[in-house]
Structure formats: C-alpha cells, structure tokens
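Peer 1: From the sequence below, what's the structure:
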Amino acid sequence: MIDSLQFIIFLIAIALIFDFINGFHDAANSISTVVSTRVLSPRYAVIWAAFFNFSAIFFIGTPVAKTIGVGIIHPGAINNHVILGALGGAIVWNLITWYFGLPSSSSHALIGGLIGAGVTKAGVGVLLWKGILKTAAFIFLSPAIGMALGFFMMVLTLNLSRNSNVARSTALFRKLQLFSAAVYSLGHGMNDAQKTMGIIAVALYSQGLIGPVFHIPFWVVFLCYLFIALGTMSGGWRIVKTMGTKITKLQPMGGFCAETAAAFSIIGASLGGIPVSTTHTIAGAIMGVGATKRLTAVRWGVAGTILWAWVLTIPASAIMAAVIYYFVQ
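Peer 2: Below you'll find the predicted structure:
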C-alpha cells in the first residue's frame with residue numbers, strides 16, 4: 001500500500017511537470033500577438049497571461065477534465081504505468097516540438113499518450129471511440145473555426161474603423177489588446193489546465209483514493225491552475241517567434257481580432273467539455289486575420305509545416321508512450 005501511494009505521489013508530480021511544460025510550451029499562444037505588436041514587453045506579457053491562466057479557476061467547472069479522465073480509454077484499463085507512459089510520451093513530444101519552434105498541441109500529445117499506453121496494455125478494445133473521434137475532429141475544426149472567426153472579426157473591425165485614422169485606431173487597439181489577451185489566456189487556462197486534472201483524478205480513481213464516483217477534487221484543480229500559470233510565466237520564446245511573426249505580420253488591430261476570435265472558440269469548446277488545442281485555434285485565427293489583407297500575406301509554407309506537426313502529434317506521442325509503458329510496466 002505504501003509503495004502504491006508513493007507511486008501515486010510520483011505520478012502526480014510528473015503530471016504537474018507536464019502541466020508546467022504545457023504552460024511553458026503554450027505561453028506563445030497567449031502572448032505572441034501582444035509581444036509582436038509591441039503592446040507589452042515579453043516580461044509583462046507572461047505575467048499578464050499567467051494571472052488570467054490561474055483566474056480561470058473561478059469561471060468554469062471540470063467538463064474537459066472528465067472527458068480526459070473517462071472519455072478516451074476505458075477507466076478500467078488505466079493503471080499507474082499507463083498514466084506514466086501517457087505523461088512521458090506527451091512530455092517528450094512537447095519538448096521536441098518546443099526545440100524546433102513548432103506550435104503543436106499539448107492536449108493532443110496527452111491524448112495520444114493515453115491511446116498508445118492504453119493499447120499497449122490491453123489492446124484496441126480499451127479505446128472509447130466517441131471521445132477520440134470528437135477530439136480528433138477538432139484537430140481540423142479548431143483551426144478552421146479560428147480562421148473563420150478571425151477573418152470575420154477582422155472584416156467587421158475594419159468596417160467599424162473605416163472613419164478612424166491610423167494613429168487613433170492603433171492607440172485604441174493597443175489598449176483593447178490587453179483585454180483580448182486576458183480573455184484568451186482565461187480560455188487557455190480553462191481548457192489546458194483541465195487536461196492534467198483529468199489525468200491526476202483518474203490516477204486517484206484507479207486506486208480508489210477519491211471514492212466510487214469519478215470527480216475532480218478541489219486541491220487537484222488548484223494545483224493544476226497554479227502550475228500551468230507558473231509554466232506560462234517561464235515562457236516558450238522559440239514558439240513566440242513562429243506564432244507572432246512567421247505566419248503573418250500583425251498590427252494591434254489584427255492581434256486583437258485574432259485573440260478575440262480564438263478566445264470565443266476555446267471558451268465555447270471548454271463549456272462543451274471538448275479538449276481542443278489552443279495552439280491550433282490561435283494559429284488558425286492569425287491566418288484568418290492575415291488572409292483579410294491578401295492570401296499571400298499568410299506564409300503558407302510555415303503554416304504547412306505547423307499543420308504537419310499537428311497531424312503527427314497523436315501518433316508520435318502514442319508511439320513514445322507505448323515505448324515508455326513497455327519499459328516501465
């Protein structure tokens with residue numbers, strides 16, 4: 001029993017490390033637009049984003065956490081080694097994509113890790129296809145929705161601002177970008193922190209430590225929001241450059257529209273319990289904003305490289321998780 005409890009504590013520590021890396025990896029999503037438009041310096045941008053990452057604790061329950069915990073693979077097939085394999089595969093893939101400056105999805109890396117470790121343990125019969133297909137569909141729907149909303153927001157804003165001069169418009173949207181970055185960071189915290197909550201809760205549930213009914217204890221909620229905020233404060237500067245400057249050149253108006261469009265999409269998905277990629281959504285929104293100038297304003301070659309990282313995330317993290325599970329089980 002002591003050994004089992006010690007292993008659970010070890011798993012919780014690994015999960016919180018993943019949560020920290022998630023915030024570190026995805027800091028670019030929250031701050032790239034305000035940094036690239038020079039509304040905030042990088043130092044103040046990460047503090048701003050981290051504050052609103054944690055503030056999400058007051059705005060939503062745990063629907064995404066429940067999807068991760070009991071909606072991807074059958075809870076009965078989950079044990080400590082499956083969770084360790086899933087977290088290990090996700091962490092390795094996150095670090096690889098961070099090193100190469102690719103804004104991939106921490107969410108899908110974790111889901112791929114669960115699939116890889118779960119199938120290695122008990123075969124494909126453990127997969128819950130409803131949850132997996134819903135999540136996989138949003139690999140493509142998230143950037144598409146973000147792009148459509150970003151394009152619509154930019155067109156609407158341009159029309160509403162047509163009688164304003166450039167200097168006045170820039171000054172206004174520099175202030176509004178603080179609001180849009182805050183709302184986006186709130187949505188990021190809502191969705192991404194819950195994924196780690198789901199992993200920790202299912203580890204506790206599999207050992208009978210939270211009773212017969214699956215739920216998310218408040219101390220788990222608090223720790224996950226805290227660690228993702230701390231990770232965001234550490235920043236992932238390689239990805240900031242990709243998101244903020246390589247896809248398209250942004251001005252404060254475009255940054256405001258991209259962040260607002262992505263925030264609406266992510267918060268809507270969070271309320272529906274759908275674990276989406278905040279990376280996919282903000283990247284799509286930035287592309288949609290850039291496309292309002294002209295299609296060539298978007299560097300589609302960079303976008304194509306990012307798309308490949310998105311498509312490969314689930315299978316790559318699944319393979320890594322399977323290998324880790326095989327060696328630790």
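
Peer 1: Every contact and neighbour count from this point should use C-alpha atoms.
Peer 2: Fine.

Peer 1: what about this structure, any weak spots by pLDDT?
Peer 2: 1-3, 27-30, 32-33, 36-37, 102-104, 235-250, 294-307, 309 (pLDDT under 70).

Peer 1: what are the ranges of the helices in it?
Peer 2: Secondary structure of the chain (DSSP state H): helices at 2-36, 42-55, 63-70, 80-99, 106-122, 129-160, 166-206, 218-234, 237-241, 252-271, 278-291, 300-328.

Peer 1: May I see the ones you listed arranged in CSV, with distance to residue 212 and mean neighbour count as well?
Peer 2: Shown next, in CSV, are those (distance: least, CA to CA, whole Å; neighbours: other CA atoms under 10 Å):
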stretch, distance to residue 212, mean neighbour count
helix 2-36, 17, 23
helix 42-55, 29, 22
helix 63-70, 13, 25
helix 80-99, 18, 24
helix 106-122, 22, 27
helix 129-160, 22, 19
helix 166-206, 8, 24
helix 218-234, 17, 22
helix 237-241, 42, 21
helix 252-271, 25, 25
helix 278-291, 32, 29
helix 300-328, 26, 19
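
Peer 1: now residue 203: how far from residue 142?
Peer 2: 29 Å (CA to CA, to the nearest Å).

Peer 1: now residue 111
Peer 2: Noted for residue 111: a distance of 16 Å to residue 142, by CA to CA.

Peer 1: Next: residue 216.
Peer 2: The value you get for residue 216 to residue 142, if CA to CA is used, is 26 Å.

Peer 1: Over to residue 207?
Peer 2: Taking CA to CA, one finds residue 207 at 35 Å from residue 142.

Peer 1: Check residue 274 too.
Peer 2: Distance from residue 274 to residue 142, by CA to CA: 11 Å.

Peer 1: And for residue 152?
Peer 2: 15 Å.

Peer 1: For the residue nearest to residue 292 when sequence neighbours are not counted, list the residues it contacts.
Peer 2: Among residues not flanking residue 292 along the chain, residue 151 sits closest, at 6.2 Å (CA to CA, 6 or more residues apart in numbering). By CA atoms under 8 Å, 6 or more residues apart in numbering, the residues touching residue 151 are 285, 288-292.

Peer 1: One more pass at 10 Å, please.
Peer 2: Shown in contact with residue 151 (CA atoms under 10 Å, 6 or more residues apart in numbering): 145, 157, 254, 257-258, 261, 284-293.

Peer 1: which one of these is nearest residue 22?
Peer 2: Nearest to residue 22 among the contacts of residue 151, counting by CA to CA, is residue 284 at 19.4 Å.

Peer 1: was I right about the closest one contacting residue 263?
Peer 2: No - Residue 284 lies out of contact with residue 263 (CA atoms under 10 Å); the separation is 11.9 Å.

Peer 1: anything in contact with each of the two?
Peer 2: With CA under 10 Å, 6+ apart, residue 284 and residue 263 have common neighbours 146, 278.

Peer 1: Look up how far residue 157 lies from the residue in the chain sticking out farthest from the centre.
Peer 2: Using CA atoms, centre = their mean, the residue of the chain lying farthest from its centre is residue 163. It sits 37.4 Å away. Residue 163 is 11 Å from residue 157, where distance means CA to CA.

Peer 1: With adjacent residues omitted, what lies nearest to residue 55?
Peer 2: Nearest non-adjacent residue to residue 55, counting by CA to CA, 6+ apart: residue 186, 6.7 Å away.

Peer 1: and what of residue 41?
Peer 2: residue 35 (6.0 Å).

Peer 1: now do residue 62
Peer 2: That would be residue 194: by CA to CA, 6+ apart, it lies 6.4 Å from residue 62.

Peer 1: Done for today, thanks.
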